[in-house]
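*Asks:* got a predicted model here, sequence first, then my questions.
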Amino acid sequence: MKSNLLVFAIAALGLVSILFTGCAPVNQINIISRESWRAEKAKEYKTQTINSITVHHEGTFFDTTKQDPKDFILKIQKYGMGKQKNWADVPYHYFIDMDGLIYQGRSDSVMGESTTVEDVSGQLQIALLGNFEQQEPTTRQLNTLINFLIQLCDKYNLKASKIKIHKELSNTQCPGKNLYKYFENGFINGEVAKYLRKY
Ligand SMILES: [Zn+2]
């Protein structure tokens with residue numbers, strides 16, 4: 001009887017967490033592997049210990065009817081590892097596409113790269129596909145972003161106040177006004193904090 005009650009309680013909690021976040025519970029987030037976007041092997045680069053998260057937009061208008069996210073991410077890698085940048089890999093640790101799917105970029109343990117922020121050491125960099133000066137982030141992207149931020153804060157023991165946007169670190173429009181507004185009014189950090197309860 002006791003164990004039946006326990007099962008019921010766990011099921012009820014699961015339901016609450018689905019209702020609370022508005023989508024799948026955080027532990028069910030899937031990350032699409034590097035193999036699936038046919039990533040080149042990364043070059044050696046500096047390692048890092050994560051102490052904050054930085055959110056970006058990728059910066060290119062993304063048209064889902066004409067572009068495939070996997071091809072697009074591979075193109076970013078080819079450009080970044082090419083002569084122009086000579087980076088070790090894609091600059092970001094994760095990408096979130098317009099459908100809210102997450103793709104693994106460079107390894108979490110390897111420092112990211114930036115042309116505008118001098119020291120990105122310790123930052124886990126997430127880029128949402130799209131240009132949010134020109135288009136709106138999708139609801140799926142926003143839901144995934146919030147759930148993923150909760151998961152990452154939990155994993156790396158970070159408070160919600162450790163979530164930054166590129167604009168806070170350098171003179172840039174990134175992540176674009178249409179995404180920035182959800183940070184400016186405290187919505188995103190607030191949703192993460194509500195779940196973590198350690199803001
Ligand atoms: Zn940025």
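*Replies:* Good, I have the coordinates.
*Asks:* residue contacts, His166?
*Replies:* For His166, the contact set (C-beta atoms under 8 Å, 6 or more residues apart in numbering) comprises 54-56, 116-117, 172, 174-175. All C-beta spots, glycine's among them, are computed from the backbone N, C-alpha and C.
*Asks:* meant to ask about Lys85
*Replies:* 79, 113.
*Asks:* give me the three-state assignment for the residue nearest in space to the middle of the chain.
*Replies:* By C-alpha atoms, centre = their mean, the chain has its centre lying nearest to Ile126, at 3.6 Å. For Ile126, the assignment made with DSSP: H, G, I helix; E, B strand; the rest coil gives strand.
*Asks:* beta partners of it?
*Replies:* For Ile126, the beta-bridge partners under DSSP bridges are Val55, Tyr94.
*Asks:* quick one on the thing from earlier: which of the contacts of His166 has the weakest pLDDT?
*Replies:* Across the contacts of His166, the bottom pLDDT score, 74, is held by Val117.
*Asks:* and the closest residue to Tyr79 other than its chain neighbours, how far from the ion?
*Replies:* What sits nearest to Tyr79 in space, not counting adjacent residues and going by C-beta to C-beta, 6 or more residues apart in numbering, is Lys85, at 6.9 Å. Distance, Lys85 to the ion, using C-beta to the ion, to the nearest Å: 15 Å.
*Asks:* and the contacts of His166, which two are furthest apart?
*Replies:* Using C-beta to C-beta, the pair of the contacts of His166 lying farthest apart is Val55 and Thr116, separated by 14.4 Å.
*Asks:* those two: who's more crowded?
*Replies:* Comparing Val55 with Thr116 by other C-beta atoms under 10 Å, the one with more neighbours is Val55, at 25 against 11.
*Asks:* for the more buried one, give me its contacts.
*Replies:* By C-beta under 8 Å, 6+ apart, Val55 lies in contact with 126-128, 145, 163-166, 175, 179, 183.
*Asks:* try it again at 10 Å.
*Replies:* Val55 is in contact with 96, 124-128, 145, 149, 163-168, 174-175, 179-180, 182-183, 188, counting by C-beta atoms under 10 Å, 6 or more residues apart in numbering.
*Asks:* swap in Leu142?
*Replies:* Contacts of Leu142 by C-beta under 10 Å, 6+ apart are 22, 96, 100, 128, 136, 179, 182, 187-188, 191.
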